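Student: take this sequence and fold it.
(one chain, ligands or ions: 1)
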Amino acid sequence: MTCVLAIDIGGTKLAAALVDETGSILRSATRPTPRADVMNALAALVAEVTTGGPPPVAAGIGCAGPIDLATGTVSPVNMPSWREFPLREEVRRLTGLPTMLAGDAQCFALGEHWLGAGQGSDALLGIVVSTGIGGGLVINGSPLLGPTGNAGHVGHMSVDPNGERCECGGLGCVERYSSGPNLVRWAVDNGWKGEPADARTLAENAAAGDAVALAAFERGARALAGMIASVTAATETTKVVVGGGVSMAGKVLFEPLARALDDVAGLAFVRAVRVVPSVLGVRASLAGAAKLALDHSPSS
Ligand SMILES: [Zn+2]
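Tutor: Below is the predicted model:
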């Protein structure tokens, strides 16, 4: 049995697991991401899952971005205590293992490709729609990371160059239209009075037939469809797996998304792309981090 250490780092939660080559989780643990001293918390978490377990041969990390693979550093937007933090080297030093790093959404895509809804796809796009919109591409079974590790940032593809200014500085990014907070913002601006004013309530109201809530999802889904059609045209994507909190809205998101894609996409290979919900959910990024480590372990 080959066993690797998988680590998933986000702004709210740290997760670690020992995973074997079939994807079985042998041991796992999570803890909240502290405001400071994140590395101490991570070290304790790693000790918790590795002590007494089978020895891992490599470590894989999925971390919230931006990241820089050239230097192995991370600067997660929602983790202000880490700026150009040398995560890959710190984990290598902590564990003594060969250590691989990728973005959390890239790991989401890789995990869904390995064990989830993306199995068998030669060109897969994974999208995480939540507070922001992340993404990752898996081409011929390998994650497309890019020179600095930031390939797949599909949330910041412009779907309307004449549109609204995004927090990233860009213009008309799909995130500005389709992320949870932006769905809610548009709904509130158009008279929606849901309480609490969050994406979950908006989804519940849309499912119950609220006209503004439905329109918010229609609008967000149309922006997502524009992005998906563009990515598909560029990469001949065959499947798109959608995860993240907003994807839990279910058919109030996926039905207008299918209609919009039917309207937006033209060429036959673009029209052929299939859009499906995540099956691994919150476990996908951890699974992807494990696959990253397995593919680069000394025995592979
Ligand atoms: Zn943007």
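Student: quick one: buried residues of stretch 201-218?
Tutor: Neighbour-count burial for stretch 201-218, counted by 16 or more other Cβ atoms under 10 Å, picks out 201-203, 205-206, 210, 212-218. For the C-beta atoms, the positions are set from N, CA and C on the backbone; glycine is no exception.
Student: ok, now which ones touch residue 192?
Tutor: Listed by Cβ atoms under 8 Å, 6 or more residues apart in numbering, the contact partners of residue 192 are 184, 202, 205, 210, 212-213, 216.
Student: re earlier: ok, so of the buried residues of stretch 201-218, who is nearest residue 23?
Tutor: For the buried residues of stretch 201-218, the minimum distance to residue 23 (Cβ to Cβ) is 30.0 Å, reached by residue 203.
Student: thought residue 249 was touching that closest one, still the case?
Tutor: Yes. Using Cβ atoms under 8 Å, residue 203 is in contact with residue 249, at 3.6 Å.
Student: joint contacts of the two?
Tutor: Shared contacts of residue 203 and residue 249, counting by Cβ under 8 Å, 6+ apart, come down to residue 217.
Student: quick revisit: with secondary structure added, can I get the buried residues of stretch 201-218 in TSV?
Tutor: Converted to TSV, those look like this (DSSP: H, G, I helix; E, B strand; the rest coil):
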residue	secondary structure
201	helix
202	helix
203	helix
205	helix
206	helix
210	coil
212	helix
213	helix
214	helix
215	helix
216	helix
217	helix
218	helix
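Student: sorry, back to before: ok, the contacts of residue 192 vs the ion, which is closest?
Tutor: Of all those, the ion sits closest to residue 184, with 17.5 Å by Cβ to the ion.
Student: state the helix or strand in which the closest one lies.
Tutor: helix 180-189 (DSSP states H and E).
Student: with just CA atoms, put that helix into CSV.
Tutor: The C-alpha coordinates for helix 180-189 follow below in CSV (Å, rounded to 0.1, in the frame of the first residue of the first chain):
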residue,chain,number,x,y,z
GLY,A,180,-23.0,33.9,-3.8
PRO,A,181,-22.5,37.4,-2.4
ASN,A,182,-23.0,38.9,-5.9
LEU,A,183,-26.2,36.9,-6.5
VAL,A,184,-27.5,38.3,-3.2
ARG,A,185,-26.3,41.8,-3.9
TRP,A,186,-28.1,41.9,-7.2
ALA,A,187,-31.3,40.5,-5.7
VAL,A,188,-31.3,43.0,-2.8
ASP,A,189,-30.7,45.9,-5.3
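Student: show the contacting residues for residue 126.
Tutor: With contacts defined as Cβ under 8 Å, 6+ apart, residue 126 is in contact with 105-106, 108-110, 112-113, 118, 135-138, 152, 240-241, 243, 278, 284.
Student: which elements pack onto the helix holding residue 184?
Tutor: Using 3 or more Cβ pairs under 8 Å, 6 or more residues apart in numbering; DSSP states H and E, the elements in contact with helix 180-189 are helix 175-178, helix 199-207, helix 211-235.
Student: gap between the residue nearest in space to the middle of the chain and the ion?
Tutor: Compute the mean C-alpha point of the chain, and by Cα atoms, centre = their mean the closest residue is residue 105, 2.6 Å away. Note on residue 105: its distance to the ion, by Cβ to the ion, to the nearest Å, is 14 Å.
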